[in-house]
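A.B. asks: Sequence first, predicted model second:
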Amino acid sequence: MKILGLLGSPHKKGGTAQLLFSALRAAEKLKANTEWYSLYDGEIKPCAGCIQNEGPECKFPCIYEDYGKFLLQKIYEAEGIIFATPIYWFAPSGVMKNLLDRMTSLENMVAYGEPSYMEGKVVGAVVVGADTGAIMTGGYLITTLNSMGAVIPPWAIAYSYKSKTSLWDDKDLLNAINVGLLVAKTVALLKGEKVKLAYEEDKGLLEEIRKEVLRILEIAGEPRRYVRQTGYLRY
């Protein structure tokens, strides 16, 4: 299964990244193939509102030739997606909001006689900030994605107010791990596998993933460059 992580924070070693990487590592324990991208690594132009034009023009893969189009393709290919964002005034970051608006091109395929291209994809949310607004931000993400047709597993939102030290809070870390586990399990369930969708309090897994994420963070700050012709230069 393909699980995609989208980092809506400019800080690739911060609390949002820490919990996103933890969720992805948890999904990998269930044999998921994962990859992640920072929304700050290229331009995501704001939605132009094509959906309001006569004879709807809003359709996948969107009109812009930018990094946003690259990410929309990755979303289209994924079976599960974990959206991770800091709290910016009771809401997701601006780049995350731009991407969500551009995802209308996936959902609006219903106007062309097709299902929404978000239909059946399993999504989860990770929200981190040092101020209030986590529930509003997480709820906004999950509600929007569900309205696009995405499937929401139980325990789909993990949040932390610890900001840069989220990885060291056992409760917040375990919640993020369960987002990864349950996104992967729900994908498996939709494929016909027999799995139990339950929260796991596995302290051994918690410590294992914390150590693995600390190693990931050592290289997470290295820049990845978007190249229009070839996609990403991975590290």
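C.D. replies: The structure has been received and is ready for your questions.

A.B. asks: And the next helix or strand past the longest helix seen in the chain?
C.D. replies: What stands out as the longest helix in the chain, according to DSSP state H, is helix 170-190. Stepping forward along the backbone from helix 170-190, the first helix or strand reached (DSSP states H and E) is helix 203-220.

A.B. asks: could you say what helices and strands that next one packs with?
C.D. replies: Packed against helix 203-220, as judged by 3 or more CB pairs under 8 Å, 6 or more residues apart in numbering; DSSP states H and E, are the following elements: helix 15-29, helix 170-190. C-betas here are computed from N, CA, C, even on glycine.

A.B. asks: Format the CA atom coordinates belonging to the shortest one as CSV.
C.D. replies: Taking Å, rounded to 0.1, in the frame of the first residue of the first chain, the C-alpha atoms of helix 15-29 are listed here in CSV:
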residue,chain,number,x,y,z
GLY,A,15,7.2,19.1,16.2
THR,A,16,4.9,18.7,13.2
ALA,A,17,7.7,16.8,11.3
GLN,A,18,8.5,14.7,14.3
LEU,A,19,4.9,13.4,14.6
LEU,A,20,4.4,13.0,10.9
PHE,A,21,7.6,10.9,10.6
SER,A,22,6.4,8.9,13.6
ALA,A,23,3.1,8.2,11.9
LEU,A,24,4.8,7.2,8.7
ARG,A,25,7.2,4.9,10.5
ALA,A,26,4.2,3.2,12.2
ALA,A,27,2.6,2.6,8.8
GLU,A,28,5.8,1.0,7.6
LYS,A,29,5.6,-1.5,10.4
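
A.B. asks: What mean pLDDT does it get?
C.D. replies: The average pLDDT within helix 15-29 is 95.

A.B. asks: what's the angle between that helix and helix 203-220?
C.D. replies: Here the directions of helix 15-29 and helix 203-220 differ by 120 degrees (axes from the mean of the first three to the mean of the last three CA atoms, to 10 degrees).

A.B. asks: same deal with the longest one?
C.D. replies: Counting by the same axes, to 10 degrees, helix 170-190 lies at 90 degrees to helix 203-220.

A.B. asks: related to what we said a few turns ago, to Ile75, which of the helices and strands packed on helix 203-220 lies closest?
C.D. replies: Nearest to Ile75 among the helices and strands packed on helix 203-220 is helix 170-190 (13.7 Å), distances taken as CB to CB.

A.B. asks: Perfect, that will be all.
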